[in-house]
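K.L.:
After the sequence you'll find the predicted model.
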Amino acid sequence: MSILGTRVLRTEDPGFLTAGAVYTDDIRLAGACHVFFVRSPLAHARIRSVDVGAALEAPGVIAAFTGADLADLPLLAPPMPGMINDRMGQPLLARDVVRFVGEPVAVVVTEDRYQGEDAAELVDADYDPLPPVIEFADAADGDEQGLLFPEAGTNVAASFGDTAWLKADLFAGCDVVVTRTIVNQRVAPAPMETRAAAAVWGQDGRLTAWIPNQGAQDTREVLATMLGMDQASVRVITPDVGGAFGAKFGADPEHAVVCWVAGRLGRPARWAETRNENLVGMTHGRAQRQTVTIGGSRDGTAAAYRLEIAQDAGAYPRFGAFLPALTIMMAPGPYAFGRAEAVAKACVTNTTPVGAYRGAGRPEATAAVERAIDLFAAEIGMDPADVRRKNLLPKFTEPHTTAFGAVYDSGDYAAALEKALAAAGYAELRAEQARRRAAGDVVQLGVGMSCYVEITGPAMDEGGPQENATVEVHPDGSATILTGTSPHGQGHATAWAMLASEELGIDVDKITVKWGDTDLIPEGGGTGGSRSLQQGGAAVQQASQELIEVARQRAADVLEASPGDLVFDAGRSAFAVAGDPAAEVPLAKLAEPERLFVRAVFHAPGPTFPFGTHVAVAEVDTETGKAVLRRMVTVDDAGTVINPLLAEGQRHGGIAQGAAQALLEEVVYDADGNPLTATFADYAVLSPTEVPSFELADMATPTTYNPLGAKGIGEAGTIGATPAVQNAIIDALAHLGVRHIDMPATPQRVWNALRSASGAEPAGTARTGRRVAQPR
Ligand code: MCN
């Protein structure tokens, strides 16, 4: 019986639950010093001087360095050169100007960790404040508000199309046209494990760095570039990683500084940031302002759709400046709009740089189009489910190319919608809603849905999506897998062992999976974009199958038979001669005297496009504005599922994070660029008490792009859940005239939306989650 598709328990967990994990901060290096960063308290200022003299006298201080000490090192270059303004690189420690609160300005290096924070207080940095540019609109208007990089002559980090290209007649012939600007707010990835590094230089001049990351090979490349080194002189090791959510891809300036300090002082160096540093120093996500326009006829046909994106890239362009490219690619989502267009501009502002956060660009696309569909439905007075039914692309089994150049591999969007609506009991929910509306209940019911299609496994490099794996069988009957992916909670050790076990007939618990050491595995694409199973898992399967063929030759010699006459019995993990089962040799025996291993590279024809529908049920208290998520029903079609337990875990985590954006989470700055959400007391991370148990319905439309039939599942939750929850909250108040509420739907925002809809003045402005006063 096949092990694939079964609920094998995570082999990672017994270790995590007993011996414990080994995170970067657990790496003990004899004689290590500790690095503490002095960070800018101002959002935008010219540095007059940084005096570390007093800090050097403090107890335990070994050294202190400023940007001047690192002046020879290259800047952290923006990604995607040519596409993103390359005159906006970040110095590893600020040199002349600081551009966001939290930007590293200096380091103090101490014998014990606790001494660093105290000594940092004694660093005397003198600044001349510059006008901060906090709002995107001000940034786009660079000349008047000021430029972050005067030498660049603009605050625009990247443009994707031009508003001049927008067609004047896009909505010609539409009976109804609705337009609205909506905010996809800035959020913090907030992994449980903050950023960290440990570094040591060998006698041979080679650097070894332990860094929590999503792909050691990419981290090595970025680190080597920042340090001006050859990649061959850098070894990156990935310890256990306590969550990453897109924000640990590559390396940050701090990681490079820790390595540099270790080299300069000739002794190992360690660093682990505080939660406060993490909330201001690690890249944030989302941060788009979107203007959607949708037009169509009163029968529910949406003929045309336009999306205009303003992307806040933060102080230094990172992956965030590129996010709109993915948003634009997925702009029309699963819909068959006759006409659609999208443009974007990414600008730098004096805020924390924006990077990838679970979904990276695709949740923003889904949020925009799903709000647009609901706005259109509300305008024509039609059930939002019916509007979706009318406009979804019909089922297709051959690849479908969109106007934005995406090639959707396979899809059946209407089936996902119907399945989710049936599982939710849609008709009953609407009946209950009608009852409460008629009764004028204080607590109203809302049903929100979102249909999505996303892209997983996009290739960022030339040569198309690919990944490598090495599978080795040992004489004792065990096996080892080396993978170029880099799990940090996704369960690859379990899934990759299942894939090899299926081919080799070796028990899962006898298979060890290794990743994240660039000396052991020099190449690899890491884990992001939900690429791992469809590319890395497919490589494991391919290597295992090729290993059986190598072993077949050896078995033929042992059994003195022709390879073609041999049958591999995976149940017994042995080769036998066809028709003579007594003549057999176990696979493990063929692993000596010569090692038995195969390295395979799997090339995919393209990325895959998972899809689904989320239905959220929310209750909203019309007196207090408090919204509570009551039910979350989802269909997430990721093709063939290898391990439902792992896939469901991914869905749960993603749905929770997606719902959190709709309900609570928001990074907030004041007008001077001071972060107001720099602790967990202020940044409202979701807890289990704010979400119901999730109801997951199954659907699997295999892809032909890999032999597993698998698409990605890692980000489905954050893509589908956010607009479903937002739509549900708005739907609860639709009969009272509410058409839109920006995220997060805090009580104050909801209450103000109700007041505006009834013609009353809104009270105050709600900018943050838990800190806003409850209306009385
Ligand atoms: N899987 C499956 N069948 C499928 C698809 C996936 O059984 N059809 C299983 C895979 O075997 C794997 C897991 O589900 O164990 C996720 O696989 P995949 O969809 O390929 O995604 P990745 O492993 O590439 O994970 C990346 C994705 C991203 S981009 C972010 S961000 C993210 C996420 O996964 N960050 C996470 N999930 C996270 N989970 C945790 N715990 N922590 C994070 O930081």
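P.N.:
Right, received. Where do you want to start?
K.L.:
Residue of the stretch 51-200 of the chain nearest the ligand, please.
P.N.:
Across the stretch 51-200 of the chain, the shortest distance to the ligand (CB to the nearest ligand atom) belongs to Pro191, at 6.1 Å. (Glycine included, C-beta is placed from N, CA and C.)
K.L.:
For Gln657, see how far away that residue is.
P.N.:
Distance from Pro191 to Gln657, counting by CB to CB, to the nearest Å: 11 Å.
K.L.:
For the two, list the residues in contact with both.
P.N.:
Residues touching both Pro191 and Gln657 by CB atoms under 8 Å, 6 or more residues apart in numbering: Phe245.
K.L.:
My understanding was that the residue of the stretch 51-200 of the chain closest to the ligand contacts Asn213; is that so?
P.N.:
No. Judged on CB atoms under 8 Å, Pro191 makes no contact with Asn213 at a distance of 11.6 Å.
K.L.:
Show the end-to-end separation of stretch 465-481, please.
P.N.:
With CA to CA, to the nearest Å as the measure, stretch 465-481 spans 20 Å from end to end.
K.L.:
Can you get me a residue count around Tyr114?
P.N.:
11 (other CB atoms under 10 Å).
K.L.:
Count the residues that sit near the residue lying closest to Leu29 once chain neighbours are set aside.
P.N.:
Ranked by CB to CB, 6 or more residues apart in numbering and with sequence neighbours excluded, the top spatial neighbour of Leu29 is Pro268, at 3.7 Å. If you count neighbours by other CB under 10 Å, Pro268 ends up with 20.
K.L.:
check contacts around Pro268.
P.N.:
If you count contacts by CB under 8 Å, 6+ apart, Pro268 has them with 29-33, 198-200, 262.
K.L.:
Most neighbours of all those, which one?
P.N.:
Top of the contacts of Pro268 by neighbour count (other CB under 10 Å): Ala199, with 29 neighbours.
K.L.:
Please point out which parts of the longest helix anywhere in the chain sit buried.
P.N.:
With secondary structure taken from DSSP state H, the chain has its longest helix at helix 538-559. Neighbour-count burial for helix 538-559, counted by 16 or more other CB atoms under 10 Å, picks out 538-545, 547-548, 551-552, 554-556, 559.
K.L.:
same check, this time on stretch 453-462
P.N.:
453-459.
K.L.:
Quick one: low-confidence residue ranges for this protein.
P.N.:
Residues of the chain that meet the criterion pLDDT under 70 lie in 143-144, 460-461, 762-776.
K.L.:
what does it put close to the ligand?
P.N.:
Along the chain, the residues adjacent to the ligand under the rule CB under 6 Å from any ligand atom are 243-246, 358, 488-492, 495, 527-533, 537, 638-643, 646-647, 650, 653, 710-715.
K.L.:
among the residues you listed, which ones are buried?
P.N.:
Neighbour-count burial (16+ other CB under 10 Å) applied to the residues of the chain next to the ligand gives 243-246, 358, 488-492, 495, 527-533, 537, 638-643, 646-647, 650, 653, 710-715.
K.L.:
Need the CA coordinates for stretch 651-666. PDB is fine.
P.N.:
Extracted as PDB, the C-alpha positions of stretch 651-666 are listed here (Å, rounded to 0.1, in the frame of the first residue of the first chain):
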ATOM      1  CA  ARG A 651      -3.600  25.500   6.000                       C
ATOM      2  CA  HIS A 652      -4.300  26.100   9.700                       C
ATOM      3  CA  GLY A 653      -1.200  28.400  10.200                       C
ATOM      4  CA  GLY A 654      -1.900  30.300   7.100                       C
ATOM      5  CA  ILE A 655      -5.600  30.800   7.800                       C
ATOM      6  CA  ALA A 656      -4.700  32.100  11.200                       C
ATOM      7  CA  GLN A 657      -2.200  34.600   9.900                       C
ATOM      8  CA  GLY A 658      -4.600  35.600   7.100                       C
ATOM      9  CA  ALA A 659      -7.400  36.200   9.500                       C
ATOM     10  CA  ALA A 660      -5.100  38.100  11.800                       C
ATOM     11  CA  GLN A 661      -4.400  40.700   9.100                       C
ATOM     12  CA  ALA A 662      -8.200  41.200   8.600                       C
ATOM     13  CA  LEU A 663      -8.900  41.400  12.300                       C
ATOM     14  CA  LEU A 664      -6.000  42.700  14.300                       C
ATOM     15  CA  GLU A 665      -2.500  43.200  12.900                       C
ATOM     16  CA  GLU A 666      -1.100  46.500  11.700                       C
END
